[in-house]
Structure formats: structure tokens, C-alpha cells
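Novice: Quick one: sequence plus predicted model below, questions after.
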Amino acid sequence: MNYRKINKFLSEILILVAIAMLPSTFICLFDGETKVALSFLYSILIAVVLSVILKFISRKQSGGFHSREGLICVSLSWILISLIGCLPFFFSRQIPSFIDALFEIVSGFTTTGASILPDVESLSRGLLFWRSFSHWMGGMGVLVLLMVFVPKSDHNTGSTMHLLRAESPGPNVGKLVPSMKKTALALYGIYMALTVLDFIFLIAGGMPPFDSVCTAFGTAGTGGFGIKNDSMASYSPYIQNVTTVFMLLFGINFSCYYLILTKRFISVLKDEELRAYLGIFIGATALIAFNIYNMYSGISETLRHAAFQVSTIMTTTGFATTDFDKWPVFSKTLLLCLMFIGASAGSTAGGLKFQRLLLLIKNLKRHIRQTLYPNKVQIVRMNGEKVNEKILESTNLYLIGYTFIIVTSFLLISIDGFSITSNMSAVISCFNNIGPGLEAVGPTCNFSGYSVFSKLVLIFDMLAGRLEILPLLGLLSLRTWKRK
Amino acid sequence: MKVIIAGDGKVGVAIARQLSTEGYDLTIIDSNQAILDSTLDQYDVMTVPGNCATMKVLLEAGIKDAQLLIATAGADEINLLCCMTAHTLNPNIHTIARIRNPEYSEQLFRMRNTFALSLAINPEKKAAHQMERLLKFPGFLKRESFAKDRVEIVELRIEKDSRLNHVSLVNLDSIIKCKVLVCAVLRDGQAIMPGGDFVFQEDDRVFVTAPTNVLAVLLKNLGIITHKVGRVMIAGGGRTSYYLAQSLLKIGMHVQIIEKDREKCEELSELLPNADIICGDASSHALMESEGLAKCDALVSMTGIDEINIIISLYASELGIPHVITKISHSENSAILDHLPVGSVICPKDLCCSTIVRYVRAVKNQAGAAVSVHSIANGLAEAVEFVADENTKNCGIPLKNLHLKNGTLIVSITHNGKTEIPNGESSFQIGDTVIVVTKAERVLLQLNDIFE
């Protein structure tokens, strides 16, 4: 294991986090909340000092950076930024328990949006901003962000490819353009442009600027931290509709946007994942609207709530405009099912991803046909092209790891004695980075009732869900740490 | 600048390594996904699987906005088809193809426009040419020529009984009695840019810049006895052997080729009527002995297998053959060879790669670009040739007043055809050829890059 190279990346990540805390500090100073501003400054100081120490340890580097280092580097980075990121909450005593603060920021960086705060509005604005900003950073990935800033000479080698693979969601991660720096720039460029567009639409609908910025960050990262106790319910229907559309947009594979930018429209239209994604969205909205028709007045309100909730669950955002825990069982079950799938690979959303789902279904279909006609040679195609058997196998194994973690976490948090529905939805919601679940963790409730142990389990689930299992399990594997 | 490399073989990877450090946008095409994956893990490139001679794959690789295509696939025909297809899709593209079959060499020249080739490269021929140069001037491990063959950088190894062993650099002039400049020393796998108090040690590999006309004096004063090579034994009868034998025979040397394969032997003896073609296993000591290896002036080992080449060269060195040349295909292993007496090591892949890199740099930067780039000291240092032009800073200022970047050295200035090994008082004028040696991690694209 090349610890020095890993330390170098960690040291740079810390500086990035320190810089990311600056806007929140200024907001605190602007609001005159010197105590909170000081807690931000202390956190920045700790990050910088740690970074300098790591930099000093890793000043002489040699050797390679392989997929093992890539996995470990990504998981350690995420743990480290969470530990640093939670400090402002803890120092300012606005979240007095350290585990609660950690839960809150992990939920932020992993774009989950699950909160332990009963009263969100009591937080000072700087902390609210920091929570939402962590969504934005975590959505596209902090190491990808780092690649935008580090000089090109630092990633001549393919080492950055291991980082991209470990951090970006989806079964088959690739670059958009040959150079990693330009790929990272293109991804963040698209991300930034869409976020700004969202912000403009929100502000045009009369939303206060601070609310607009926070909501745009939460939407872009498909995170879902609201800054109001009732999430999005009190905003106008226009703002809710804008958010529905933008959540959907951020759940689309970003390479589709790149294809649009390079004028390859036909490949976008033919993309199977995009078609399935939009198809399921329309289908689920229609079914739920039909199911909840008598609960709201008029078609437009019913459709608005149905579309918003389907969008927020599918893209794993986790805003809410209404308490869907009060919906009929069919609608709730449908939402629960959608939680599993998530959105598209290569987007900022969590979940299993549509691409994996399609591959799994196609592979199953092939298996059935193979049993019927054992001699026929059959390949799995995606967008008309053959899918590598390795990818199929890793997709199958991903589902196994996914199921295993859900079942284990479900068992572990059941000690706290909440209902089966609450526990199940809490695990699914955290693991798929959604946010709200059902019953005790429904849209109007929060996770503060769980014990410290359960919170740790859920923190692990959130990280494992965001990094797609392998990096974290790699960290737990003893073999990784053996000196070689 | 966007460059497409078709064929992810040994040469393809070597080019990818070099060009990706220089910041080009590289896309690599190959039909083997596993090889592409491993390249992707090592270098900052993009990969496209498929047949590089098809329009579909070339379009997918972005041929429309690429400026250069390098075709290094296994078969010559595919490389040609690839370049022709690329040219049809993008008429402004520069194309480089590796063509190895000597039978095509004539039509390549006459059909240049049909094939749409900007440059055709024959690695075996290049290697044979390099070997020929070494055999003509035995005593040096390597020779790189610059400034239209007026200046050379030669490589020497300090042997135990060498006159330079334990001599410090300031005393060098009194021994060799001619003006040369030591530009780099390779010691224990590290490239050193030596200062005045540097002391030579056994097994150092020293890179010396010298005008071509003092090379003979240099060898004489160093006590390296060089008698003209008259008899050469070549182990292995591949294409490189053919090219080398052909040119050696032309200058009147006696050539023996040892080759295992009967059919190849017959083919060679048909092509080279004046050479002795021996059918047998070159790794067999008995055969080599009976064919008179001990009486040869030089041995070139270039069978298809690196290990066998190394063994043959070691055996020849033990017999005391004055000049030994070893061909290896995997230059990654060359660092291990530093401590073995295998003579000059030649890697056709590296030669081919540096020619291509030179061309790429020229395409990228028409004005003020490096005329040629040679990598020395196992690729740890580079010697770059520039021509000073109107945009070059510090013309006419004595070198002692210039602040060069750390790890760069001006090793020769050629003014009006006269080469000078510079000292503190020297300066260069517009139109002069300047050769700079730099550590390989620093990429020099223009002469101005060397100034602080």
C-alpha cells in the first residue's frame, strides 16, 4: 500500500474542505453570529494543521497508485471530510452530540438528506448553508472536484482513473474526454451550469435568495436537506414544480448532457437507461395520482404532489411537499420500491441505478433463454452494444452486496425497538441516500430517536451507498492493510 | 492537441506514456479490451475498443477533431488502411504509420499521396541503422547525433581500469586533451548532472557531448583501443538482421548470421549472397564456438527473445569480444541490464517512439519547436535540439549571466556550421543550433523554457 500517495491526496482534500467552509464562515460573520463563525474558524484551522502534517509525512513519494490505493484513498477521504465537516455543528453546540453532528454531515456529503434535527429552523444560517453546500460537493464527488484543481502534471498517470472509478456511481465508469482534468472540468461545468439555472428559476418564482441557493444545492446533489421544518411544503406550487423538474434533470446520466453539448442528440434519444428512467417516472406518477386522487382537491394538485414525491424518491433527493406517510398502502409501497432503484448511473443520485437494473433484467432474461436453448450463444446488449461479461458479473455481485448490507443493517438497528416498517425504510432510505422513510422516520419526523449504535450503522450505510459498497468493504478487509 | 493512437502494442504504450506526460489528449484504439484496460489504469488517456481501420471506430475515437493519427497496429496493411480511412474522414489530419515489411518500401515512396501518409516508420530499419553507426565507431555504448551530424552525445561506461576511474570532473580536460562536456552520469539508476567536484566511479555510465570530429581523439586519449570492425556475427535472422547485414556488407564487413529456422535461412541466403548464413541455435555455445565467435570483432544478439539475447551477449563478453550489441524488446527491463556486461543495448521500440514523439512536437509547435529529442540515461534525461530564432530570449548574452532552470544544461552551440562546447563566456545568436540536456521530468517545448 502506498500510504504516502494516499496521504498526499488526503492532505489536498483537507485543504479543499477548509476552503469550502469559508462561505459559511462569512455568512455567520454577516449575521453577527460570532460564536458559530469561530467554530467554523476552529474547524478550518484543524483541517489546515492536519493537512500540513499529512503533507509533511508524505513529502517524499515514490511507487505506484493502483486500484487498491484508489479504493482506500476514496473511502478514507470521505471519512476524513465527514469527521472535519461535522466539527462546526459540534463546536457551536447547535448539535451537542458528536455522533449526531457526524450523522448530519455524513447525510450531507452522501446527499442523503436524513436529519436528526427536530427543529431545522433553529440552526443558524451559516450552518444551514454548510449543510446544503455539503450536498453540492458530495453530489459530484470531492475527489473529482480535487482533480479540477490539481495541476495537470499531477495526473499524467492513470492513477486518477482509480479515484474516478471508486467515487463515481455506476457499473461502468468512463471518461468523457481523454484528459482526466478536462473530464472533471466538463462534469463540474455541467453541474455548475444546471445548479445556476435552477437557482435562477427558483429566484424568479419569488423564493428568497438564501432559500434559493440552499434549495438549488440540495436539488443539484440530489441531497434533500430542507431549510424549513416542513421541507418544501410551504413554498408555492411553481417552486415545487421547478424543483420536480430539476431533481429529474440531476438524476440523468451526466454523459447525456455531454452528448447534447457535443450535438450527438440521437445517441441521447436512443439511450435505454434514459428511456427507462423517464418511463418509470411517468408510469409511477400516474399510478400514484390515481391512487391518491380523493386526498387532494383537483387534478393539478394531485399530479403536482404525485410527481414531486416520485421525483424526489427516484432521484434519491428526499424533499417533501406533503406527508406521504399518510398515503394509501399501495402508494407507499410503490415509493418504497422506487427507493431501491434510484436514478441513472453517472448522475448525482444514489440507489441501485437504472443501468444496473436493466443489466440485471437482461442477464436474467438471458439466463432463462440459455436454460431453454443451452447451445445458443447469447450476449447481453446495452444501447445496441455488447456488454462485457465482467461488468455483468460485477453487477450481479453488486446486488448481492447490496442485499447483504440492507439485511444486516436491518437486523442491527432492530434492537432499538421501532416498528419493522420504520426500520426497513430507515435502512433503505439511508443506504440509497434518499432521506425520509416511513412511519417513525417519515417526511415529518427524523432520525433522532435512534440509539448511537444504530446511528453508526446508518452512517456506514450512507457512506457505503454513496461510494457503492466496494470502497468501504475494501477498507474493512484485513488483507488491504497487510504490508506488501 | 488531440492525438489518436491505433494499436495498443508495445510501441503504442510507449508513445502513450511519453505523450500523456506532455499533456496531449490521447485516445487509444485496440481490439483487445484487456490491454486497453491496463493502459487506462496506467496513463491519463481514453480508450476505444474495435478495429482501428473501420470508419465507425475512428469516428467514435473522434477522428474529426484529431490532429494526428499514429497507426502502430500489428499488420502493415491495417496501418495503411487506417491512415487512408482517417484521411478520408478528416483531410487535414497528419498520419504516421508503422510499416515493417521491406517489400512495401518502394511503393510507400511512390504511393505516398494515395496512402495519405505523413510519415512511415520502420522500427527494424531504424534499429539496424543505429547498430551500424555503433559498429562503425566501436567503443561507445550509444551515439546520438544532433545538428546535422555535427555534434554527438556518446555514452561511455567507466570500467575498473579506465583512466577516468576515480578522476574528478575538473581534471577531465588534462586526461582527454580535447574539448568535450559531460552532460549526465547514470549511477545506480539515478541521472546526475555533475558539477566540477564530481568524481567518476566504476560502473558509471557517462554521457559526453562532443563534436563528431573529436570522437576519435576522445577514444584514443581514454585508452579505449578501437580497431576497425571487420567480422560481425549476428545471432538471429529477423528483419533487423537483414537490414543490418545489408548495410554492413556494403561497407565491406564480413557478416555471419545464425538462425534456427531453415526456411528463413534460405530466404536470407537468397537475399544476402555475400553473407554466411548458418542454420543453428545461437544459444548453443558449441555452435557459436565452432563458427568462430572468438575471432569476431563484434557480436549482435537479436533473436526474438530478450533473455536469449542477454545470455548470448554475456557469453560473448566473457569470450572477450570487443564489441557487443544486445537488442531487447522490453525496455522496462533495461535498468537491470545496467550492471551486466551486455554491451550496447538497443530497443527498436524506444527508437521508434522517440521518432514519433519528435514528429508530434513538431506538429504541435511549428515555430521554435524542438528539432529533435533524444532520450538518454535510460530515459531519465533528454537531449533536445533547438534552433534559436527571433523570439528566443537572451541571444548574445554570455551563459554565465543567464539563469537556467535547475537541472538544465546547454551542452553545445553550433554557429555557422562550427560547433562549440560552451563555457561561461559563450553565447548563442539567432540561427544557432543549441542542444540542451535536461532531466526527463521537465518537458522543454521551446528554447525559452530553459530560462528561469
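Specialist: Done, it's in.

Novice: give the contact list for residue A:341.
Specialist: A:280, A:314, A:351-354, A:357 (Cβ atoms under 8 Å, 6 or more residues apart in numbering or on different chains). The C-beta positions use only the backbone N, C-alpha and C, and glycine is treated the same way.

Novice: now do 7 Å
Specialist: A:314, A:351-352, A:354, A:357 (Cβ atoms under 7 Å, 6 or more residues apart in numbering or on different chains).

Novice: Inside helices: which ones of these?
Specialist: A:314, A:354, A:357 (DSSP state H).

Novice: tally of neighbours for the second one?
Specialist: Around residue A:354 there are 28 other residues, counting by other Cβ atoms under 10 Å in any protein chain shown.

Novice: Residue A:277 is in contact with that one, correct?
Specialist: Yes: the pair residue A:354 and residue A:277 passes the contact test of Cβ atoms under 7 Å, sitting 5.1 Å apart.

Novice: residues shared between the contacts of these two?
Specialist: With Cβ under 7 Å, 6+ apart, residue A:354 and residue A:277 have common neighbours A:343-344.

Novice: by contact count, what packs against the helix or strand where residue B:84 lies?
Specialist: In this assignment (DSSP states H and E), residue B:84 forms part of helix B:76-89. Applying 3 or more Cβ pairs under 7 Å, 6 or more residues apart in numbering or on different chains; DSSP states H and E, one finds that helix B:76-89 contacts helix B:55-60, strand B:68-71, strand B:94-98, helix B:112-115.

Novice: What strands line up against the third one, and which way round?
Specialist: Using DSSP bridges, the strands paired with strand B:94-98 in its sheet are strand B:68-71 (parallel), strand B:119-121 (parallel).

Novice: weakest of these by average pLDDT?
Specialist: If the strands paired with strand B:94-98 are sorted by mean pLDDT, strand B:119-121 sits at the bottom with a mean of 86.

Novice: Next SSE downstream of that strand?
Specialist: helix B:123-136.

Novice: what are the ranges of the strands in the stretch 351-484 of chain A?
Specialist: In the stretch 351-484 of chain A, the segments counted as strands under DSSP state E, counting those that start in this stretch are A:381-382, A:385-386.

Novice: can you put the ones you listed in JSON lines and add mean neighbour count, distance to chain B and mean pLDDT?
Specialist: Converted to JSON lines, those look like this (neighbours: other Cβ atoms under 10 Å in any protein chain shown; distance: least, Cβ to the nearest Cβ, whole Å; pLDDT from 0 to 100):
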{"stretch": "strand A:381-382", "mean neighbour count": "16", "distance to chain B": "14", "mean pLDDT": "89"}
{"stretch": "strand A:385-386", "mean neighbour count": "10", "distance to chain B": "10", "mean pLDDT": "85"}
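
Novice: picking up where we left off before, mind putting the ones in helices among the contacts of residue A:341 into a markdown table with distance to residue B:354 and pLDDT?
Specialist: Formatted as a markdown table, the ones in helices among the contacts of residue A:341 follow (distance: Cβ to Cβ, whole Å; pLDDT from 0 to 100):
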| residue | distance to residue B:354 | pLDDT |
| --- | --- | --- |
| A:314 | 54 | 92 |
| A:354 | 48 | 91 |
| A:357 | 50 | 93 |
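
Novice: From these, pick the one nearest residue B:36.
Specialist: Distance ranking of the ones in helices among the contacts of residue A:341 against residue B:36, using Cβ to Cβ, places residue A:354 first at 26.0 Å.

Novice: What are the buried residues along the helix or strand harbouring residue A:193?
Specialist: Element membership for residue A:193, per DSSP H and E: helix A:180-204. In terms of neighbour count (16 or more other Cβ atoms under 10 Å in any protein chain shown), helix A:180-204 has its buried residues at A:180-188, A:190-191, A:194-195, A:198-199, A:201-203.

Novice: what kind of secondary structure is the residue in chain A that chain B sits nearest to in?
Specialist: Nearest to chain B, among the residues of chain A, is residue A:178, at 4.0 Å (Cβ to the nearest Cβ). Secondary structure, DSSP: H, G, I helix; E, B strand; the rest coil: residue A:178 is coil.

Novice: Please read off the pLDDT at it from the model.
Specialist: 81.

Novice: where does the stretch 101-250 of chain B dip in pLDDT?
Specialist: B:225-227 (pLDDT under 70).

Novice: just the stretch 251-400 of chain B next, same as before
Specialist: In the stretch 251-400 of chain B, residues with pLDDT under 70: B:333, B:365-370.

Novice: Tell me where it has strands.
Specialist: B:254-259, B:276-279, B:298-301, B:323-327, B:344-346, B:372-376, B:381-387.

Novice: need the ones you listed in a markdown table with distance to residue B:231 and mean neighbour count, can you?
Specialist: Converted to a markdown table, these look like this (distance: least, Cβ to Cβ, whole Å; neighbours: other Cβ atoms under 10 Å in any protein chain shown):
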| stretch | distance to residue B:231 | mean neighbour count |
| --- | --- | --- |
| strand B:254-259 | 5 | 23 |
| strand B:276-279 | 10 | 19 |
| strand B:298-301 | 7 | 28 |
| strand B:323-327 | 11 | 26 |
| strand B:344-346 | 17 | 23 |
| strand B:372-376 | 30 | 20 |
| strand B:381-387 | 33 | 24 |
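
Novice: Get me the contact residues on chain B for chain A.
Specialist: B:20-21, B:23, B:25-27, B:33, B:40-46 (Cβ under 7 Å from any Cβ of the partner chain).

Novice: List the ones among the residues you listed that fall in helices.
Specialist: B:20-21, B:33, B:40-42.

Novice: Can you lay out those residues as TSV showing distance to residue B:277?
Specialist: As requested, those are exported to TSV (distance: Cβ to Cβ, whole Å):
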residue	distance to residue B:277
B:20	43
B:21	43
B:33	42
B:40	44
B:41	44
B:42	41
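
Novice: Just give the number of residues close to the residue of chain A closest to chain B.
Specialist: 23.

Novice: For it, list the residues it contacts.
Specialist: Taking Cβ under 7 Å, 6+ apart, one finds B:25-27, B:45-46 in contact with residue A:178.

Novice: So residue B:321 sits against residue B:296, correct?
Specialist: Yes: contact criterion Cβ under 7 Å: residue B:321 and residue B:296 qualify, at 5.9 Å.

Novice: Of these two, give the one with the bigger neighbour count.
Specialist: Under the neighbour definition other Cβ under 10 Å, residue B:321 and residue B:296 were set side by side, and residue B:296 has more, 24 against 20.

Novice: separation between that one and chain A?
Specialist: In this view, residue B:296 and chain A are 42 Å apart by Cβ to the nearest Cβ, to the nearest Å.

Novice: dump the residue contacts of residue B:82.
Specialist: B:6, B:52-53, B:71, B:73.

Novice: so which of the buried residues of helix A:180-204 also contact chain B?
Specialist: Within the buried residues of helix A:180-204, those near chain B by Cβ under 7 Å from any Cβ are residue A:180.

Novice: Next, the closest residue to residue A:64 other than its chain neighbours: phi, psi?
Specialist: Residue nearest to residue A:64 in three dimensions, not counting chain neighbours: residue A:2, with 6.6 Å by Cβ to Cβ, 6 or more residues apart in numbering or on different chains. When quoted as degrees, to the nearest 10, the phi and psi of residue A:2 stand at phi -90, psi 90.

Novice: ok, how many other residues are close to residue A:2?
Specialist: 19.

Novice: got it, and the one 4 residues further on?
Specialist: Here the number of neighbours of residue A:6 (other Cβ under 10 Å) works out to 20.

Novice: which residues touch it?
Specialist: A:69, A:72-73, A:76.

Novice: Of these - the most surrounded one?
Specialist: Of the contacts of residue A:6, with other Cβ under 10 Å as the count, residue A:73 tops at 27 neighbours.

Novice: what helix or strand is that one on?
Specialist: helix A:67-85.
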